[in-house]
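Need a 3D model of the sequence below.
(one chain, ligands or ions: 1)
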Amino acid sequence: MTTVIPAWSLPTIEVAGESARFPVRRIYCVGRNYAAHTREMGGDPTREDPFFFAKPADAIVANGATLPYPPATRNLHHEIELVVALKGGGANVPAGKVMDLVYGYAVGLDMTRRDLQNAAKAGGKPWDMGKGFDRSAPVTAIQPAARIGHPSKGAIWVKVNGVVKQSGDLADMIWSVPETLSYLSGLVELAPGDLIFTGTPDGVGPVVAGDTLEGHVDGVGDLTIRYA
Ligand code: MN
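Take a look at the predicted model:
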């Protein structure tokens, strides 16, 4: 195939223990999936239907990177999240079958320009520029589920400059991973290469230039990112 402008390279993520990489198709993120974080965002943590937003596939950043502080914000926030990577696809997949689509798991940061997101919320406008900006999705190497299984409990935390800022447990998700994936498959047809960020515990807060972020999910990995 020839292209009228030079084609860019496919965004990919390292896979632990493999030389082959995971190609990224789309990035979907769940909002407010831990009760305490829902409350800190001013929401009601009842079991309302999950909601989703997206980031561009090329928003991913490899573990260990040093990033520029993003433009157009004075309130960049960290959100530490379990990330699900899909090897299969489908529409309207029942929760009892949807885990067959999962390739593996990673630790990710849903970096958020909170001031832009809050202004969008207040104005009834889309969240895209608060959430889907360049380099807004740092992520570790993917751990294949064939090796680590499907984590449904265990610690998830992030430190900023060595101080714990968010600390929770995967078991505290309002919507479990199979429930989330099944619901999402009713909104879009899931596809191999899709990543799903599964929401963040409470304690979200600001990141400034010079900060180092260290994120962790038990049994999945450790993520380190620095802002120059
Ligand atoms: Mn998030």
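
What pLDDT is listed against the closest residue to residue 56 other than its chain neighbours?
Sequence neighbours aside, residue 132 is the residue nearest to residue 56 in space, at 5.8 Å (criterion: Cβ to Cβ, 6 or more residues apart in numbering). For every residue, glycine as well, the C-beta is placed using N, CA and C. With respect to pLDDT, residue 132 scores 98.

Which positions in the chain make contact with the ion?
79, 110, 200 (Cβ under 5 Å from the ion).

Just among these, which is most surrounded?
residue 200 (29 neighbours; other Cβ atoms under 10 Å).

who touches the closest residue to the ion within the chain in this structure?
Closest approach between the chain and the ion, counting by Cβ to the ion: residue 110, at 3.5 Å. The contact partners of residue 110, taken as Cβ atoms under 8 Å, 6 or more residues apart in numbering, are 29, 55, 79, 81, 131, 136-137, 197, 200.

How about residue 66?
Going by Cβ under 8 Å, 6+ apart, the list of residues near residue 66 reads 225-228.

before we move on, what about residue 92?
185-186.

Report the separation between it and residue 114.
34 Å (Cβ to Cβ, to the nearest Å).

Then residue 213?
Relative to residue 114, and taking Cβ to Cβ, residue 213 is found at 15 Å.

any idea how far residue 61 is from residue 176?
Applying Cβ to Cβ, the value for residue 61 to residue 176 is 27 Å.

Equivalent analysis for residue 206, please.
Plainly put, residue 206 is 30 Å away from residue 176 if you go by Cβ to Cβ.

neighbouring contacts of the longest helix seen in the chain?
What stands out as the longest helix in the chain, according to DSSP state H, is helix 114-123. Residues external to helix 114-123 that are found in contact with it (Cβ under 8 Å, 6+ apart): 72-77, 125-127, 129-131, 204, 206.

residue boundaries of the helices in the chain?
35-40, 95-98, 114-123, 128-131, 145-148, 177-184.

correct me, but residue 96 touches residue 178?
Yes: judged on Cβ atoms under 8 Å, residue 96 makes contact with residue 178 at a distance of 7.5 Å.

With adjacent residues omitted, what lies nearest to the residue positioned nearest the centre of the chain?
Nearest to the geometric centre of the chain sits residue 197, at 3.0 Å (Cα atoms, centre = their mean). Leaving out its chain neighbours, the residue that sits closest to residue 197 by Cβ to Cβ, 6+ apart is residue 29, at 4.0 Å.

Could you report the distance from residue 192 to residue 91?
14 Å.

which of the two has more neighbours?
Neighbour count, other Cβ under 10 Å: between residue 192 and residue 91, residue 192 has more, with 14 against 11.

For that one, give me its contacts.
25, 86-89, 103.
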